[in-house]
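Visitor: Give me coordinates for this.
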Amino acid sequence: MDTVLPSTATGTRKRIWGWWAFDWASQPYNTLLLTFIFGPYVNELLGDGTQAQTAWGYGVGTAGFLIAISAPFLGAMADLSGRRIPFIWLFSVMYFVGSYGLWWAAPGDFNLMLTLILFAIGLIGMEFATIFTNAMLPTLGGRNEIGRISGSGFAWGYVGGLIALVLMLFFFAENAETGKTLLGLDPILGLDAETREGTRAVGPLTAIWFGIGMIPFFLWVRDTPLPGAVPMGQALRGAMPALMKTLRRLPSEKPLMAYLLSSMFYRDALNGMYVFGGIYASGVLGWSVVDVGIFGILAILTGAFFSWLGGRADGRFGPKPVIVLNVILLSFVALAVVFVSRDSVLGIPVAEGSSLPDIAFYILGAFIGACGGALQSSSRTMLVRQAYPDRMTEAFGLYALAGKATSFIAPLSIGVVTQISGSQQVGVVPLVVLFTIGLILLFWVDPQGRKTND
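Guide: Modelled structure (predicted):
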């Protein structure tokens, strides 16, 4: 395992809190932009749920492809140089610029291509910054501690996302029909409801939240000195040979290979749920941005609690049982989503105007939040167990590759199936298949991982 920085107990606590600050700061990109506010807003602008889901699928899928082909190389470069903080600075700037630029997605002059490009810049920044911060996890504690640390980090991320979402719903995001926020107020700061400035403020709010939230990270977290580290220029030249060496030996590393393949499928399916949850509810159930936001609050609350609880289960039983349980539960949730519409719930017809479809989707959202939080937390601790200790950033780069190599499959397959079938419900069926494949591959994953990580 990476060497834990020698420090006082106070210094160690500050380092952990600084590391947690990244989860707190970055979560609003997932909460506000990917899922609950900006995605449904784009659906409203286009006026066609099928068209919005298709366009979003292609846009997010393209960003995922760019991340997949770059992450392992950058990870190898960081390991050789022993430097992660400079990369985190770079991708933090991309996060800020991409998210802030979404302010210009105005209804009267909406440019879908520009919006998707800005969204992709921010998404790439967020994903890459996550790779490099996750690679620091082994430096924060011992083998039996990192599960708890990881789970608490995810819990803090959900709490940050929840507070940001509440701020948006209560004071910024206006209902398209009434022009009022969830509290019945006009958007604050004199924002114009007619031009949807309250909802468009989600971009600048996400950027500013991130900028402020990252202050503890950059104050308290430092790169771990690594023996044999080389200058950045030499690391650039040596990254590809080092990466190729790792890839050549990867097929002989059966537990690691099985885990990377398994996570490739189940994380892709989970991300598909997050990306399309708001758009699905908006198109199938006719929810407004505010309705989707309330759904998001419930999912985030369960996500925060079960990330924390899952981290403690991880510390006691190891990450694999936590992963298996949550993949099974999410498989059933994905299947149930297909059978929820305004006309029926799980095959049972409902009366016109019934609230049962809304209640059913709220319950499913709570399960998505709970299972997703615990699953992601234990997934990164499982990788720490499987990876070579001196190649941790490269391993998280491969982990990103594993997550992104097929990350275009979930959104693109949803986009294609939705376009062919003309049905948003049928369009999410590929998620069930992806979860099932991931579950089968977990059979070959060694729950104890690499002994050198002890």
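Visitor: pLDDT below threshold where in this protein?
Guide: 1-10, 47-50, 52-53, 275, 278, 289, 404-408, 424-425, 450-454 (pLDDT under 70).
Visitor: What is the three-state secondary structure of the residue lying farthest from the centre of it?
Guide: Within the chain, the residue lying farthest from the chain centre (CA atoms, centre = their mean) is residue 351, at 36.2 Å. Classification of residue 351 by DSSP: H, G, I helix; E, B strand; the rest coil places it in coil.
Visitor: What does residue 228 show for phi and psi?
Guide: Main-chain torsions, residue 228, degrees, to the nearest 10: phi 80, psi 10.
Visitor: count of neighbours near it?
Guide: 7 (other CB atoms under 10 Å). C-beta coordinates here come from the backbone N, C-alpha and C atoms, glycine included.
Visitor: Next: residue 249.
Guide: 11.
Visitor: One more: residue 309?
Guide: Around residue 309 there are 17 residues (other CB under 10 Å).
Visitor: Make sure I have this right: it is in a helix.
Guide: Yes. The assignment for residue 309 is a helix, going by three-state DSSP.
Visitor: That one touches residue 377, doesn't it?
Guide: No. Look at residue 309 against residue 377 with CB atoms under 8 Å: they stay out of range, at 9.8 Å.
Visitor: So residue 263 sits against residue 438, correct?
Guide: Yes. Between residue 263 and residue 438 there is a contact at 7.0 Å, judged by CB under 8 Å.
Visitor: sorry, back to before: how close does the residue farthest from the centre of the chain sit to residue 427?
Guide: Using CB to CB, to the nearest Å, residue 351 is found at 26 Å from residue 427.
Visitor: Touching stretch 234-246 from outside, list them.
Guide: 72-74, 76-81, 83, 230, 391, 394, 398 (CB atoms under 8 Å, 6 or more residues apart in numbering).
Visitor: cutoff 7 Å now
Guide: With CB atoms under 7 Å, 6 or more residues apart in numbering as the test, stretch 234-246 has contacts from 72-73, 76-77, 80-81, 230, 391, 394.
Visitor: As CSV, the residues you listed with neighbour count, distance to residue 329 and secondary structure would be great.
Guide: Shown next, in CSV, are those (neighbours: other CB atoms under 10 Å; distance: CB to CB, whole Å; DSSP: H, G, I helix; E, B strand; the rest coil):
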residue, neighbour count, distance to residue 329, secondary structure
72, 27, 30, helix
73, 17, 35, helix
76, 26, 35, helix
77, 24, 38, helix
80, 27, 40, helix
81, 23, 41, helix
230, 14, 45, coil
391, 20, 32, helix
394, 27, 32, helix
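Visitor: what's the farthest-apart pair in the residues you listed?
Guide: Pairwise distances across the contacts of stretch 234-246 (CB to CB) peak at 18.1 Å, for the pair 72 and 230.
Visitor: Quick check: which element contains residue 198?
Guide: Assessed by DSSP states H and E, residue 198 sits inside helix 197-200.
Visitor: now for that helix, which elements pack on it?
Guide: Packed against helix 197-200 by the contact rule (3 or more CB pairs under 7 Å, 6 or more residues apart in numbering; DSSP states H and E) you find no helix or strand.
Visitor: And that helix, what's buried?
Guide: The neighbour-count check on helix 197-200 (16 or more other CB atoms under 10 Å) flags 197-200 as buried.
Visitor: and what of stretch 220-234?
Guide: 220-221, 223-224, 226, 229.
Visitor: which of these lies closest to residue 98?
Guide: residue 221 (22.8 Å).
Visitor: Can you give me the distance of the residue nearest to the closest one when sequence neighbours are not counted to residue 156?
Guide: Of all residues not flanking residue 221 in the chain, residue 18 sits nearest, at 4.2 Å (CB to CB, 6 or more residues apart in numbering). For residue 18, the distance to residue 156 equals 12 Å [CB to CB].
Visitor: What segments of the stretch 251-400 of the chain are helices?
Guide: Ranges of helices within the stretch 251-400 of the chain are 254-284, 289-317, 319-338, 356-386, 392-404, based on DSSP state H, counting those that start in this stretch.
Visitor: do you know which of those lies nearest residue 13?
Guide: With CB to CB as the measure, helix 289-317 is the member of those nearest residue 13 (16.6 Å).
Visitor: For that closest one, which residues meet the burial criterion?
Guide: Counting neighbours by 16+ other CB under 10 Å, one finds that the buried residues in helix 289-317 are 289-311, 313-315.
Visitor: Report the angle between it and helix 319-338.
Guide: Here helix 289-317 runs at an angle of 150 degrees relative to helix 319-338 (axes from the mean of the first three to the mean of the last three CA atoms, to 10 degrees).
Visitor: helices or strands up against helix 289-317?
Guide: helix 38-46, helix 146-167, helix 254-284, helix 319-338, helix 356-386.
Visitor: what about residue 98, how many neighbours?
Guide: 25.
Visitor: tell me the contacts of it?
Guide: The neighbourhood of residue 98, defined by CB under 7 Å, 6+ apart, consists of 118-119, 121-123, 125.
Visitor: show me the contacts for the closest residue to it other than its chain neighbours.
Guide: The spatial neighbour of residue 98 that comes closest, neighbours along the chain excluded (CB to CB, 6+ apart), is residue 122 at 2.5 Å. Contacts for residue 122 (CB under 7 Å, 6+ apart) come out as 29, 94-95, 98-99.
Visitor: can you do 10 Å?
Guide: With contact taken as CB atoms under 10 Å, 6 or more residues apart in numbering, residue 122 is in contact with 29, 33-34, 63, 91, 94-102, 203, 206-207, 210.
Visitor: and if you look at residue 399?
Guide: By CB under 10 Å, 6+ apart, the contact set of residue 399 is 71-72, 75, 131, 134-135, 259-260, 263-264, 267, 379-380, 382-383, 386-387.
Visitor: same thing with residue 121?
Guide: 63, 93-99, 101.
Visitor: Same question for residue 295.
Guide: 35-36, 277-278, 281, 285, 287, 358, 361-362, 364-366, 368-369.
Visitor: What distance do you get for it to residue 354?
Guide: From residue 295 to residue 354 the distance is 17 Å (CB to CB).
Visitor: ok, now residue 34?
Guide: If you go by CB to CB, the gap between residue 34 and residue 354 works out to 29 Å.
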